[in-house]
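Undergrad: Need a 3D model of the sequence below.
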Amino acid sequence: MTHRNKRLIEIILLVSISGLIIYIAATFLRPKKILSDDNYLPEPRIEFGIVVGSFQVYKNEIQEGENLSSILGRFHVEGSAIDKLEKASDSVFDIRKIRAGNRYTVLCTNDNLKKALYFIYEPTDTSYVVFNFKDSVQVYEGQKQVTVKKQYAAGTIKGSLWNTFGSLKIDPNLAISLSEIFQWTIDFYAIQEGDQFKVSYDQLYVGNKSIGLGRIHSAWFYHNGKPYYAFKYNDNGTTGYYDENGNSLKRGFLKAPLKFSRITSRFTNARFHPVLRIWRPHHGVDYAAPRGTPVHAIGNGSVLQAGFSGGGGKTIRLKHTAAFETSYMHLSSFAAGIRKGVHVNQGQVIGYVGSSGLATGPHLDFRIYRGGIAVDPLKMISPPGIPVSKQNLAIYTRQVLSEKAKLAAMKI
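TA: Have a look, this model is predicted:
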């Protein structure tokens, strides 16, 4: 190879390598384009299943005296269109049930006229009804998304259970739920200052708004020097609350026929009667409560009597088993349908507190008879319920150990 040819080959190689370097630099080392926010489309705003970004949105509450016609009339909807809406809603929602205080939303054209195209009414915290007259008239129902958040609460009783929950800013409905779960094992008229509780439960939300309680998973109540547990469990399709050993908390009889009242007179063989002014036996328990407070049957049974009974005033007597009967006296009235021979279920409202008969004020005189003999309702041990089945007991025990650990970790 001549010197001239060798030199030519070197020049060609040098040019090729330089070109390759320039290509690599241009392709891989050039600054990347930085995308601004303008390169991204914002998420569409959706309410009630409708993209509302192109509308003017008005939210308010139904006022006293307002109805669908008066509200839509303010947003330039003609009477003929409102009439079509009312007819279209017949099979979906009764517009006569629109109530003051409930929320509504109006979606209007995004111009100076602001004419309504959608009206959305919220009958409950979780449901809504859409009245659509944008193109053709449509009326349909929808459900809001409900979020479940697990919560924990714990505290020491100071005063009443209800007041304690209020002072701790805990949903007071949780106090009612706890009293219903433990109603067969704890006398909530006898809880004391210093008693303690822990509970794991679900709180329900729509957006950031709490709309109520969900289920209680587990609970612990320390009363009168003794711990009581409750664990929710589904045993072969039957859901209930059980103790740490798998025994059902539900008993044959409730602990008491009223909720959140106070005892003014106990079972005794010698009580000074406040009206007759004489000493005589009082074979029952008196619960003081406001007139009209619901009275519940403590167990399943049938009505033996529902009428006026001398000094006992308006009285209901129930027969539960061959051995047990109960009596509810001084009522103001009976619940609808309560009459002799009717079957009632445990917890069913059968009457309302009053002061009929020989009574100085509204209260319930409650009595239990076993074999025709009066027994002290506060000392009677109620028959047990059905425990967790043997085939599921091992699974239940593992669940209990997990829930007990969570309760133990909670600080009061």
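
Undergrad: mean confidence score for the strand ranked longest in the chain?
TA: Secondary structure of the chain per DSSP state E: the longest strand is strand 209-223. Per-residue pLDDT over strand 209-223 has a mean of 92.

Undergrad: Note down every partner strand of it and its orientation.
TA: Strands that pair with strand 209-223, judged by DSSP bridges, come out as strand 196-206 (antiparallel), strand 226-235 (antiparallel).

Undergrad: Residues in contact with that strand: which ones?
TA: Strand 209-223 is contacted from outside by 125-126, 146, 148, 150, 171, 173-174, 177-178, 181-182, 186, 191-192, 195-205, 227-232, 241, 403-404, 406-407, using Cβ atoms under 8 Å, 6 or more residues apart in numbering. All C-beta spots, glycine's among them, are computed from the backbone N, C-alpha and C.

Undergrad: Helices along the protein, start to end?
TA: Along the chain, counting by DSSP state H, helices occupy 3-28, 68-73, 79-88, 161-167, 173-181, 393-409.

Undergrad: From the chain's centroid, how far away is the fifth one?
TA: The reference is to helix 173-181. Taking Cα atoms, centre = their mean, to the nearest Å, the mean C-alpha location of helix 173-181 is offset from the chain mean by 11 Å.

Undergrad: give me the number of residues near Asn300?
TA: Using other Cβ atoms under 10 Å, Asn300 is surrounded by 16 other residues.

Undergrad: Report pLDDT for it.
TA: So, for Asn300, pLDDT stands at 91.

Undergrad: okay but Tyr128 is in contact with Gly142, surely?
TA: Yes. Counting by Cβ atoms under 8 Å, Tyr128 touches Gly142, with 5.1 Å between them.

Undergrad: what sits in contact with each of these two?
TA: Each of Phe48 lies in contact with both Tyr128 and Gly142 under the rule Cβ under 8 Å, 6+ apart.

Undergrad: And these two? Which one has more around it.
TA: The neighbour count for Tyr128 versus Gly142, taken as other Cβ under 10 Å, is higher for Tyr128 (22 against 14).

Undergrad: Now the terminal residues of stretch 376-384, how far apart.
TA: Stretch 376-384 has an end-to-end distance of 18 Å (Cα to Cα, to the nearest Å).

Undergrad: Same question for stretch 319-329.
TA: First-to-last residue span, stretch 319-329, Cα to Cα: 15 Å.

Undergrad: For the residue lying closest to Asn173 once chain neighbours are set aside, name its beta-bridge partners.
TA: Among residues not flanking Asn173 along the chain, Leu213 sits closest, at 5.4 Å (Cβ to Cβ, 6 or more residues apart in numbering). Leu213 forms beta bridges with Gln203, as assigned by DSSP bridges.

Undergrad: measure Leu213 to Pro172 for me?
TA: Distance of Leu213 to Pro172, given as Cβ to Cβ, to the nearest Å: 10 Å.

Undergrad: Equivalent analysis for Thr105, please.
TA: Counting by Cβ to Cβ, the gap from Thr105 to Pro172 is 30 Å.

Undergrad: Which of these two has more residues huddled nearby?
TA: Each of Thr105 and Pro172 has its neighbours counted (other Cβ under 10 Å); Thr105 has more, 20 against 14.

Undergrad: measure that one to Thr360 for me?
TA: Distance of Thr105 to Thr360, computed by Cβ to Cβ: 54 Å.

Undergrad: quick one: low-confidence ranges for the chain?
TA: Under the criterion pLDDT under 70, the flagged ranges of the chain are 1-42, 260-261, 269-280.
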